[in-house]
Structure formats: structure tokens, C-alpha cells
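Engineer: Sequence first, predicted model second:
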Amino acid sequence: MGRGRVELKRIENKINRQVTFSKRRNGLLKKAYELSVLCDAEVALIIFSSRGKLYEFGSAGMTKTLERYQRCCFTPQDNSLERETQNWYQEVTKLKAKYESLQRTQRHLLGEDLGPLNVKELQNLEKQLEGALALARQRKTQIMIEQMEDLRKKERQLGDLNKQLKLKLEAEGQSLKTIQGLWSSGAAAENSNFPLHPSHANPMECDPEPVLQIGYHHFVQAEGSSVPKSMAGETNFIHGWVL
């Protein structure tokens, strides 16, 4: 028959309580020692009895373990800041090394600082340059082909526009010829209804005709005339019709 389950509560009997404390204290100290040895762990154990007596165990020394415990538990911000600083420092170191490597590669591609390179590194550099040159030429050819296609497209568009303008000009010229023909036929019909004088080939060239003048005509008495001056004044009022 096995042992029954022990109820966890304060032991009222003082003697039994003291015996149980001694047994379990020794077992706990033994377990702490075994854990430190088997698992290579830093273990610290502190026990105070009901009478205030101290029992302790420290695998690496109680003082050292307590100092480590204080650094880890009572200054967490300082430790986190220190860890973060270390992480940033490592990251900066990596980036700096990468930046220096990229600078060296760039100088090598430009043909600078080739002295420390051996034959294999120079061959790799030559392959990289040949590959880059091939890609650059391929891209240049592609751009030139695209530009030629654009120019051909513009040429076709201009040709179509030229044809449209030519057709429009021909239509307008035909309309103008039609209007001129109608105008010429109309002018010929008018000339047939109103013929010019045969002697006047040019309608603007004609002989002067007699002019009918109505009004006052200044009379000048000729020298040696016997007409009285009074008669001359009377005749100057209305001389009459003058052709």
C-alpha cells in the first residue's frame, strides 16, 4: 500500500513541523547542488527558518550571484539600452564593411587599384565588364529601334495628312474653276446684251461730247467792241445757253 497524498497546510505540531523543515531543507539544498553540477547552472538558494535562522547555497558564490541578479532585475532599462547600443554598433560595423567593399568594387570597375588583384580576380572583373558592356549595347540597340519605329509612325501620319491636304486643295481648285467659268459666262452674256460702239474698242476711250452748262457765265467785253457798258452789265445777268 502506497503513501497517501499529504495535504499542504501548516503543521500545527511544533515538533513535527521542525522535523519536516529539516528534512525538506536538506532535500532542497541537495537538489540545488545537483542542478548546478548536472546542468552547469549558476544556482543560489536562501532559506530563513521560522526562528529567523539563515540557510543558503551558492554554486558560484552568493555575493556574485546576488550582484548578477541585481544587474538583471533592478536595472532592466540600462541593460536593454546597452544591448540596443551593441546591436546598433554591430549593424554599423557591417554596413561600413559593405560600403568599403562596394567602393573597392567600383574602383576596380573603373580600372583603379588593380595592383592587389590576382589573375583570377582580374578574370572575374573582365567577365563582369564584358557582361555590363553587352547589356549596355543591347539596351542602346533597343532604344534606337524604338526611336526608328516612332519616326516611321510619324512619317506615316504626315503622309496621310499630306494626302488629305492635297485632296482638299484639289477640291477647292475645282470649285474655284467652276466659279470662274460661271463668272466668265455671265460677263459674256452681259456684253452680248449691251454691245459697244464699233469705233470704240476700249470702253474707257471715248471722244469728248458737248457739255450743257446752265448758270451764270462771265462776259468779257472784247477790245474795240461798240457794245455799251450798260448793255454788257445787263447781258452778264443771264447770258443764256452756252454749248
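Structural biologist: Sure, I can see it. Residues are numbered from 1 along each chain as shown.
Engineer: what stretches of the chain score poorly on pLDDT?
Structural biologist: Within the chain, the stretches with pLDDT under 70 are 1-4, 6, 74-79, 189-243.
Engineer: quick one, strands of it?
Structural biologist: Residue ranges of the strands in the chain, as given by DSSP state E, are 44-48, 54-58.
Engineer: Tell me which of those lies nearest to Ala171.
Structural biologist: strand 44-48 (110.0 Å; CB to CB). The way it works is simple: take the backbone N, C-alpha and C, and place the C-beta from them, glycine included.
Engineer: Which neighbouring elements make contact with that closest one?
Structural biologist: With contacts taken as 3 or more CB pairs under 8 Å, 6 or more residues apart in numbering; DSSP states H and E, strand 44-48 sits against helix 14-38, strand 54-58, helix 62-73.
Engineer: could the strands of the chain go into a markdown table alongside distance to Tyr33 and mean neighbour count?
Structural biologist: Formatted as a markdown table, the strands of the chain follow (distance: least, CB to CB, whole Å; neighbours: other CB atoms under 10 Å):
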| stretch | distance to Tyr33 | mean neighbour count |
| --- | --- | --- |
| strand 44-48 | 9 | 15 |
| strand 54-58 | 7 | 14 |
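Engineer: Next, format these as TSV and append distance to Val92.
Structural biologist: Listed next are the strands of the chain as TSV, based on distance: least, CB to CB, whole Å:
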stretch	distance to Val92
strand 44-48	38
strand 54-58	39
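Engineer: closest to Leu95 out of the ones you listed?
Structural biologist: Comparison of these against Leu95 by CB to CB identifies strand 44-48 as nearest, at 41.4 Å.
Engineer: hey, C-alpha coordinates of the closest one in PDB?
Structural biologist: Output of strand 44-48 as PDB, limited to C-alpha atoms (Å, rounded to 0.1, in the frame of the first residue of the first chain):
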ATOM      1  CA  ALA A  44      21.700  30.400  -5.400                       C
ATOM      2  CA  LEU A  45      19.300  29.300  -2.600                       C
ATOM      3  CA  ILE A  46      18.400  31.300   0.500                       C
ATOM      4  CA  ILE A  47      16.200  29.900   3.300                       C
ATOM      5  CA  PHE A  48      15.100  31.500   6.500                       C
END
